[in-house]
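Novice: One predicted model, sequence on top.
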Amino acid sequence: MSSAASLRIDVEADDRVAGYETNPEFQLLVACTSPSRTQYVVGPVNWNSVLQLAQHHGVISQLSDTLEYSVAQIPSTVIEKVRNENRNNTRQALWLTREMFRILGQLTARNIDAMPYKGPVLAEMLYGNVAARQFNDIDILIRARDVPVAIAALHELGYEPGVELTPRQERAYLRSGYEYTFDGERGRNLVELQWNVLPRFYSVDLKTEDLFERAQTQTVSGQKIRSLSLEDLLIVLCLHAAKHGWVQLSWLSDVATLAGSETIDWDTVGKRSAALGVGRILDLTFALCHRLWRTPLPCVLPLECEPILRHQLELLAQGEEYNTDSLPYFRRMLQARERRSDRARFLWRLATTPSLGEWSAIRLPSPLFPLYGAVRAVRLAKRMVTTR
């Protein structure tokens with residue numbers, strides 16, 4: 001990473017007409033999510049496509065705000081549908097915010113340090129309102145040693161883990177995985193209890209203990225909570241976007257908005273990302289933000305990354321996602337790493353680290369538990385053949 005002036009990609013080259021630039025529905029959403037929040041004149045679009053894309057990209061709130069300035073140009077049925085979707089989003093955001101505080105209280109009562117860092121925390125930090133950002137769950141970071149007690153605490157609140165593991169599987173999962181998802185009376189995967197930012201096979205050794213030591217205080221709905229430092233949050237948001245293949249505008253808009261904060265220490269961001277070997281992930285994320293909104297973010301990319309950027313922009317415009325068990329996805333994750341050692345560790349861990357899929361596919365007796373590594377390799381090879 002370096003200053004924006006050292007951008008190696010020819011930023012003028014993106015003036016060439018591409019599919020994402022000639023998609024009016026996508027361009028409307030790009031305007032809605034611009035960190036500058038400039039007013040946009042709505043032109044002819046397919047409103048069904050706009051609404052579908054907005055849901056895919058998680059930007060119903062931003063779309064609603066934009067359309068309120070252009071009511072006269074838009075069919076009343078569209079306005080009412082967007083308003084209804086936004087009202088649903090507001091109700092969901094307020095309920096999840098209440099649940100977040102309820103869960104934090106339950107964890108605190110059991111002496112568990114917990115840090116929510118997306119969801120309502122990010123919405124209020126970036127946009128000043130927990131309902132100004134679309135989210136469907138609560139992400140809470142804890143230490144791995146606190147997971148068993150935290151699961152019991154959530155159970156007392158009416159939440160159930162999405163998977164049931166044997167004691168041996170749970171020990172292995174705490175080493176190789178990163179989260180438990182919890183279902184509640186209002187739906188599935190409402191709470192994500194995380195002890196790492198990414199699964200181990202991604203080979204990004206960001207230590208949770210370091211995140212806790214650097215934590216800062218944030219205010220959400222008038223209450224003080226601990227959350228990630230701005231520098232750690234920026235890195236984590238870029239890692240999250242990359243993990244899912246950079247396929248949602250909302251994630252990129254969050255990064256661009258946070259990166260516009262004058263209080264971010266860019267030297268610290270650069271040093272931490274370099275130490276983790278994720279500088280290219282950050283630079284790819286920043287370059288996508290620059291292409292979408294012309295944000296003056298620092299990024300240094302070699303010219304061979306230009307096809308990656310254009311392909312990612314096309315995926316964004318089309319509202320497509322990666323199959324995260326496919327060969328194209330794993331190839332993209334390798335392309336996003338700058339160090340050969342990290343790419344090698346990624347491949348090795350990917351091929352040999354068993355997890356939920358292997359444990360549910362085949363039931364091995366306890367003495368044969370180490371053979372799950374071979375099961376993982378076979379199942380992964382089959383998926384590579386079928387998703388090539």
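Specialist: The structure has been received and is ready for your questions.

Novice: Going by C-alpha atoms from here, please, whenever you check contacts or count neighbours.
Specialist: Will do.

Novice: quick check: mean pLDDT across stretch 218-237?
Specialist: Stretch 218-237 shows a mean pLDDT of 96.

Novice: Now do that stretch: distance from first to last residue.
Specialist: Chord length of stretch 218-237, first to last residue, is 17 Å (CA to CA, to the nearest Å).

Novice: Could you pull out the buried residues of it?
Specialist: 218, 220, 225-237 (16 or more other CA atoms under 10 Å).

Novice: Out of the residues you listed, which sit inside strands?
Specialist: Applying DSSP state E to those, the entries found in strands are 218, 220, 225, 226, 227.

Novice: In CSV: those residues, plus distance to residue 144.
Specialist: Listed next are those as CSV, based on distance: CA to CA, whole Å:
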residue, distance to residue 144
218, 23
220, 25
225, 20
226, 18
227, 17
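
Novice: Please enumerate the helices of the stretch 101-250 of the chain.
Specialist: In the stretch 101-250 of the chain, the helices defined using DSSP state H, counting those that start in this stretch lie at 119-127, 147-156, 167-176, 208-213, 230-243, 249-259.

Novice: Out of those, which is closest to residue 385?
Specialist: With CA to CA as the measure, helix 230-243 is the member of the helices of the stretch 101-250 of the chain nearest residue 385 (21.6 Å).

Novice: tilt between that closest one and helix 119-127?
Specialist: 110 degrees (axes from the mean of the first three to the mean of the last three CA atoms, to 10 degrees).

Novice: So which of the buried residues of stretch 218-237 is the closest to residue 68?
Specialist: residue 220 (26.2 Å).

Novice: just checking, the closest one touches residue 122?
Specialist: No. Applying CA atoms under 8 Å as the test, residue 220 and residue 122 come out as separate, 9.1 Å apart.

Novice: Mutual contacts of those two, please.
Specialist: With contacts defined as CA atoms under 8 Å, 6 or more residues apart in numbering, the residues shared by residue 220 and residue 122 are residue 130.

Novice: one step back: which of the helices of the stretch 101-250 of the chain sits most buried?
Specialist: Neighbour counts (mean count of other CA atoms under 10 Å) averaged over each of the helices of the stretch 101-250 of the chain peak at helix 249-259, with a mean of 23.

Novice: which residues touch the helix or strand following that helix?
Specialist: From helix 249-259 onward toward the C-terminus, using DSSP states H and E, the following helix or strand is helix 266-276. Outside of helix 266-276, the residues within contact range by CA under 8 Å, 6+ apart are 1, 2, 204, 205, 206, 231, 232, 234, 235, 279, 282.

Novice: Run a quick neighbour tally on the residue lying closest to the fifth one once chain neighbours are set aside.
Specialist: What that stands for is residue 206. Using CA to CA, 6 or more residues apart in numbering and skipping the chain neighbours, the partner closest in space to residue 206 is residue 276 (6.9 Å). Neighbour count for residue 276, taken as other CA atoms under 10 Å: 15.

Novice: distance of residue 276 from residue 205?
Specialist: Taking CA to CA, one finds residue 276 at 6 Å from residue 205.

Novice: Pick out whichever of the contacts of helix 266-276 sits closest to residue 258.
Specialist: Among the contacts of helix 266-276, residue 234 lies closest to residue 258 (CA to CA), at 6.9 Å.

Novice: Against residue 285, how distant is the closest one?
Specialist: 11 Å.

Novice: now swap in residue 237 and tell me
Specialist: 10 Å.

Novice: got it, and residue 270?
Specialist: Computed as CA to CA, the residue 270 to residue 285 distance reads 14 Å.

Novice: and these two? which has more neighbours close in?
Specialist: With neighbours defined as other CA under 10 Å, residue 270 and residue 285 compare such that residue 285 has more, 24 against 19.

Novice: Let's verify the more buried one: helix, strand, or coil?
Specialist: helix (DSSP: H, G, I helix; E, B strand; the rest coil).

Novice: so it touches residue 252, yeah?
Specialist: Yes. If you go by CA under 8 Å, residue 285 and residue 252 touch, sitting 7.1 Å apart.

Novice: show me where pLDDT drops low in the stretch 151-300 of the chain?
Specialist: Judged against pLDDT under 70, the stretch 151-300 of the chain has no low-scoring part.

Novice: Could you tell me the end-to-end distance of stretch 329-349?
Specialist: For stretch 329-349, the end-to-end distance is 16 Å (CA to CA).

Novice: quick one: it to chain centroid distance?
Specialist: Centroid separation for stretch 329-349 versus its chain: 19 Å, with CA atoms, centre = their mean, to the nearest Å.
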